[in-house]
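**Q** Here's a sequence, model it:
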Amino acid sequence: MTGSVKVTVVKRGLDRELIERLVPAETVIERCPVFEDDQQFLFDDWPSKPAGFCDMAWQAINTGLMLCWFDADLGAITIPGKWQACCPDGLRPVVFLIEPAGPQTAHERGETSDC
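**A** Down below sits the predicted model:
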């Protein structure tokens, strides 16, 4: 099990084309106000959601946190040992990178086996 998991806000998007098509012209939509680009969070006690963390974003990253926390190896992921997740807000999505905060292998973490 990983000691801590780091989550980085990679990018806060804004889909202007969809906003023009779906939202009344008088309504102002801005990038997600909850997060900032390059903002980082350190999770030491999954599955506890930090106070003030967006509920929709928490749902989006929760599976990646679990996979990272328990050192899951999916084989088909884009970056080995790291997971990407995206908030489901289609008009202003937030992309997250989820990765171990410390050494990634059992050897690097100082874990030993009796085998």
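
**Q** For the rest of this, base every contact and every neighbour count on C-alpha atoms.
**A** Noted.

**Q** can you tell me the helix or strand for the most centrally placed residue in the chain?
**A** Residue closest to the average C-alpha location in the chain (CA atoms, centre = their mean): Phe96, at 3.6 Å. Phe96 belongs to strand 94-100 when assigned by DSSP states H and E.

**Q** What is the top helix by length along the chain packed up against?
**A** Determined from DSSP state H, the single longest helix within the chain is helix 55-69. Helix 55-69 sits against strand 5-12, strand 83-86, strand 94-100, with contacts defined as 3 or more CA pairs under 8 Å, 6 or more residues apart in numbering; DSSP states H and E.

**Q** and Phe35, which of the ones you listed is closest to it?
**A** For these, proximity to Phe35 was assessed by CA to CA; strand 5-12 is nearest, at 7.3 Å.

**Q** what's the angle from the closest one to strand 94-100?
**A** Angle of strand 5-12 versus strand 94-100, following axes from the mean of the first three to the mean of the last three CA atoms, to 10 degrees, is 160 degrees.

**Q** ok, now which ones touch Gly3?
**A** Contacts for Gly3 were tallied using CA atoms under 8 Å, 6 or more residues apart in numbering; they are 44, 69, 100-102.

**Q** Buried ones among those?
**A** 69, 100-101 (16 or more other CA atoms under 10 Å).

**Q** does the residue nearest to the centre of the chain really touch Gly13, like I thought?
**A** No: counting by CA atoms under 8 Å, Phe96 sits too far from Gly13 to count as a contact (11.5 Å).

**Q** Check the gap between Gln40 and Val7 for me.
**A** Counting by CA to CA, to the nearest Å, the separation of Gln40 from Val7 is 6 Å.

**Q** between the two, which one's more packed in?
**A** With neighbours defined as other CA atoms under 10 Å, Gln40 and Val7 compare such that Val7 has more, 25 against 16.
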